[in-house]
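Undergrad: here is my input; please provide its structure:
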Amino acid sequence: MIDFPNCKINLGLHVFEQRADTYHPLETVFFPVPVRDALEFVKAPENNLHTNIQFYGLPIAGDEQNNLVYKAWKLLHDNYGIGPVNGALLKKIPMGAGLGGGSSDGAFALKILNTLFELNLSQETLLALALKLGSDCPFFILNKPVFASSRGEIMQPIAINLKGYHLVLVHPNIHISTANAFAMVPKRKISEMGQLMPIVNGPIEQWKNQLSNDFELALFPQFPELETIKNQLYEMGAVYAAMTGSGSTLFGLFKQTIQAKRVFTNYEFVAEMNL
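TA: Numbers count the residues shown, from 1 in each chain. This is a model prediction of the structure:
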C-alpha cells in the first residue's frame with residue numbers, strides 16, 4: 001500500500017512558560033500543505049522475520065530504527081502484534097525545516113499499517129498512538145486545519161479558507177534543532193493564552209502586523225538570512241509571510257501567482273502552489 005505524507009505550515013505560533021511536566025505549552029494553527037513524501041508498505045514474506053525500510057530522496061539522519069516510520073511499525077507490532085513489513089520512503093520534504101515532514105511520515109505509517117493489517121483502529125486510538133511518536137504527529141492523523149494547544153495534541157477544527165492564495169515555501173538549507181530553538185525562544189506568560197485565535201479568524205490583510213511566530217524572535221538574530229527571506233517575500237507582494245514551526249522554512253501567501261524559483265535561485269528547496 002502506498003500513500004503520500006504531506007507537510008504543514010504554522011499560522012502563528014505562541015510559546016508559553018514551562019509547565020510542571022517540563023513541556024512548554026503552545027498555541028498555533030496547523031494548516032496542511034500539498035508538498036509530499038511517498039511511503040509504501042507491503043507485508044514481508046513469511047520466511048522474513050525482520051522489518052526492512054529503504055530510504056530514498058533527501059538524506060535522512062540516523063539509522064532506520066530511530067526513524068518515525070520504523071517507530072510507527074514497532075508501536076503497532078508491540079501493541080497489536082502486526083508482522084514484519086518491507087517499506088520504502090521517498091523523502092521530498094526537507095528535515096529540520098519546520099514543515100513536520102518526519103511527523104507526517106510517522107502518522108501516515110500508522111494509517112497505512114492500520115489498513116494493511118486490517119486493525120480497524122479508531123481515529124481516537126490512532127491519535128493516541130501518534131502522540132507517542134511525537135507532539136506534531138496527531139495533527140497528521142486529522143490532516144485538516146486545526147487550532148492546536150498544549151503540546152500541539154489538543155486540537156479543534158478551524159474554518160479557515162486560503163483557497164485562491166498562492167503559497168511559496170523557501171527552505172534556506174539551515175537545519176535548526178527544535179530543542180535549541182525552544183531553549184532560546186522568549187516565553188509568554190500563561191495569562192496571555194487565547195490571543196492567537198481571534199487574530200487568525202480576522203482578515204488575512206491584518207496578519208502581517210498581528211500574527212507572529214515567537215521563534216522568529218530567537219532565530220532571526222542568530223540566522224539573519226531567515227529575516228532577509230521573509231522581507232524578500234513581502235517585497236514580492238506577499239499578503240503575509242512568516243517562519244513555520246521552529247524553522248527554518250519561510251512561507252509567503254500571495255493573492256497572485258509569482259515565479260518564486262526565479263528569485264530564490266540559491267536554495268535547493270523552493271516550492272510554490274495555488275491553494
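Undergrad: now residue 38, nearest residue through space, not along the chain?
TA: Leaving out its chain neighbours, the residue that sits closest to residue 38 by C-beta to C-beta, 6 or more residues apart in numbering is residue 90, at 4.1 Å. Placement of C-beta: from N, CA and C, glycine included.
Undergrad: wait, the one you found sits on residue 54?
TA: No. At 9.4 Å, residue 90 does not count as touching residue 54 under the criterion of C-beta atoms under 8 Å.
Undergrad: when those two are compared, which one has more neighbours?
TA: Taking other C-beta atoms under 10 Å, residue 90 and residue 54 do not tie; residue 90 has more neighbours (16 against 11).
Undergrad: quick one, strands of the chain?
TA: 2-3, 6-15, 26-36, 38-43, 52-57, 85-91, 146-150, 154-157, 166-171, 240-243, 250-254, 269-274 (DSSP state E).
Undergrad: just to revisit the earlier point, for residue 117, see how far away the residue nearest to residue 38 is.
TA: Distance of residue 90 to residue 117, given as C-beta to C-beta, to the nearest Å: 22 Å.
Undergrad: just residue 239 next, same as before
TA: The gap separating residue 239 from residue 117 is 45 Å, by C-beta to C-beta.
Undergrad: cool, and residue 273?
TA: Residue 273 is 34 Å from residue 117, by C-beta to C-beta.
Undergrad: compare neighbour counts for those two and give me the winner.
TA: A direct count of neighbours by other C-beta under 10 Å for residue 273 and residue 117 places residue 117 higher, at 18 against 13.
Undergrad: wait, that one touches residue 79, no?
TA: No. Applying C-beta under 8 Å as the test, residue 117 and residue 79 come out as separate, 11.7 Å apart.
Undergrad: rewinding a little: any chance of the strands of the chain in a markdown table, with mean pLDDT too?
TA: Listed next are the strands of the chain as a markdown table, based on pLDDT from 0 to 100:
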| stretch | mean pLDDT |
| --- | --- |
| strand 2-3 | 98 |
| strand 6-15 | 97 |
| strand 26-36 | 97 |
| strand 38-43 | 98 |
| strand 52-57 | 95 |
| strand 85-91 | 97 |
| strand 146-150 | 95 |
| strand 154-157 | 94 |
| strand 166-171 | 98 |
| strand 240-243 | 98 |
| strand 250-254 | 98 |
| strand 269-274 | 95 |
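Undergrad: need those in a markdown table with distance to residue 210, can you?
TA: Below are these laid out as a markdown table (distance: least, C-beta to C-beta, whole Å):
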| stretch | distance to residue 210 |
| --- | --- |
| strand 2-3 | 36 |
| strand 6-15 | 9 |
| strand 26-36 | 13 |
| strand 38-43 | 37 |
| strand 52-57 | 37 |
| strand 85-91 | 35 |
| strand 146-150 | 16 |
| strand 154-157 | 21 |
| strand 166-171 | 20 |
| strand 240-243 | 10 |
| strand 250-254 | 14 |
| strand 269-274 | 25 |
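Undergrad: need the contact list for residue 42.
TA: By C-beta atoms under 8 Å, 6 or more residues apart in numbering, the contact set of residue 42 is 1, 85-87, 116.
Undergrad: for the residue sitting nearest the centre point of the chain, phi and psi?
TA: For the chain, residue 100 is the residue whose C-alpha lies nearest the centre (C-alpha atoms, centre = their mean; 2.2 Å). Taking degrees, to the nearest 10, you get phi 70, psi 20 for the backbone angles of residue 100.
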